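Asks: sequence plus the predicted model coming up.
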Amino acid sequence: MAETPKLIDSKGKRLDGRKANELRPLTIEAGTLKRADGSAYLEWGNNKVMAAVYGPRECHPRHMAHPARALVRVTYNMASFSVGDRKRPGPDRRSTEISKVTSEAFASVVFLEQFPRSSIDVFVEILQADAGTRVAALTAVAVALADAGIPMKSLLAGVAFGKIGGTVVLDLGKDEDNYGEADVPLAIIPRTEEIVLLQMDGDLTAKEFQKGMKMAIAAAKEIYEVQKDALKRRYAVSVEALEAEEGAEEELKEETVEEEA
Ligand code: ADP
């Protein structure tokens, strides 16, 4: 059996040089897909995720529609090329579980009553996976929903904490996830610090759990800033594009008037 690598050194530095409470680099771009009502592309460490939102739209099959509110239906899919060994294409137990828990997390922030009998359909493609894809997916979906103009009481930030070599750390990478002692993915409303998803693999003491939660809540606020920034940049681009379009229309009008004169 291969020896377990030393995941954290005596100075508290991790394999990739991060400190215990440090996230992997995170970037988000909103509105990357033209044909979806809302979308977001996210890179988080070596994870690459695309999220697309359609709706609110008429719910099909009709018998699934709720008379008083919308359904949020998330489909999480890992591309065959997203992991080292080719992943067998299509849904499996893991993707079904992640789709379900993600749908449930968003059902607690979207104002579902505003759209009776409708569905909000969300598709997540994991293009590259390196541990923490469910929280990366949650973070991307929140931006895609906001980009689609879906009313929500707040954005959600996905983040995980865990334990490696006896130390509580934030945002586990692949080796840390494989060889670590615990992994706790969460979805957090950063503004109110409410937890809307909590899963746990491994074991932790209550004290370690509290320490991890504190780190995760602080990280959720950092992630929230990146999400808001992505939406602001998207909005700024839209205004610029609109102004350019208006300018072109004005020019055309002026040319037509000149020609007619
Ligand atoms: P998460 O991606 O949310 O951490 P898991 O803990 O289930 O979810 O998976 C951890 C990591 O294991 C994934 O991010 C991915 O890198 C890898 N992984 C998951 N499923 C597969 C698979 N079917 N084949 C190869 N690697 C996988």
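Replies: Looks like it came in fine. Numbering: from 1, shown residues only.

Asks: kindly report the residues of this structure close to the ligand.
Replies: Proximity of the chain to the ligand (Cβ under 6 Å from any ligand atom) is limited to residues 83, 85, 87, 94, 129-134, 174, 177, 185. Placement of C-beta: from N, CA and C, glycine included.

Asks: give me the buried subset of those.
Replies: 87, 129, 130, 131, 132, 133, 134, 174, 177, 185 (16 or more other Cβ atoms under 10 Å).

Asks: among those, which has the minimum pLDDT value?
Replies: Ranked by pLDDT, these bottom out at residue 87 (91).

Asks: in terms of secondary structure, what does the helix or strand where residue 210 lies contact?
Replies: Element membership for residue 210, per DSSP states H and E: helix 206-260. If contacts are counted by 3 or more Cβ pairs under 8 Å, 6 or more residues apart in numbering; DSSP states H and E, helix 206-260 sits against strand 26-30, helix 133-147, strand 157-164, strand 167-170, strand 182-189.

Asks: return the most buried member of those.
Replies: Stretch with highest mean neighbour count among these: helix 133-147 (a mean of 28; mean count of other Cβ atoms under 10 Å).

Asks: distance between that one and the chain's centre?
Replies: Distance, stretch centre to chain centre, for helix 133-147: 2 Å (Cα atoms, centre = their mean, to the nearest Å).

Asks: returning to that earlier point: of the residues of the chain next to the ligand, which pair is most distant in space?
Replies: Spanning the widest gap among the residues of the chain next to the ligand are 85 and 185, at 22.6 Å by Cβ to Cβ.

Asks: residues in contact with residue 65?
Replies: Contacts for residue 65 (Cβ atoms under 8 Å, 6 or more residues apart in numbering) come out as 58, 59, 71, 117, 118, 119.

Asks: now do 6 Å
Replies: By Cβ atoms under 6 Å, 6 or more residues apart in numbering, the contact set of residue 65 is 59, 117.

Asks: the one 3 residues further on now?
Replies: Contact partners of residue 68, counting by Cβ under 6 Å, 6+ apart, are residue 116.

Asks: how near is it to residue 112?
Replies: Distance, residue 68 to residue 112, by Cβ to Cβ, to the nearest Å: 8 Å.

Asks: with residue 151 instead?
Replies: Separation of residue 151 from residue 112 (Cβ to Cβ) stands at 10 Å.

Asks: again with residue 222
Replies: From residue 222 to residue 112 the distance is 28 Å (Cβ to Cβ).

Asks: neighbour count winner among these two?
Replies: Taking other Cβ atoms under 10 Å, residue 222 and residue 112 do not tie; residue 112 has more neighbours (21 against 15).

Asks: surely that one meets residue 70?
Replies: Yes - if you go by Cβ atoms under 6 Å, residue 112 and residue 70 touch, sitting 4.6 Å apart.

Asks: if we can go back for a sec, which among the buried ones among the residues of the chain next to the ligand gets closest to residue 253?
Replies: Taking Cβ to Cβ as the measure, residue 253 lies nearest residue 133 of those, at 50.3 Å.

Asks: helix, strand or coil for the nearest residue to that closest one once chain neighbours are set aside?
Replies: Distance criterion Cβ to Cβ, 6 or more residues apart in numbering; nearest residue to residue 133, sequence neighbours excluded, is residue 126 at 5.0 Å. What DSSP: H, G, I helix; E, B strand; the rest coil gives for residue 126 is strand.

Asks: now swap in residue 130 and tell me
Replies: On the basis of three-state DSSP, residue 130 is classed as coil.

Asks: list the residues that contact it.
Replies: Residue 130 is in contact with 45, 46, 47, 174, counting by Cβ under 6 Å, 6+ apart.

Asks: swap in 7 Å and give it another go.
Replies: With contact set as Cβ atoms under 7 Å, 6 or more residues apart in numbering, residue 130 has these partners: 45, 46, 47, 173, 174.
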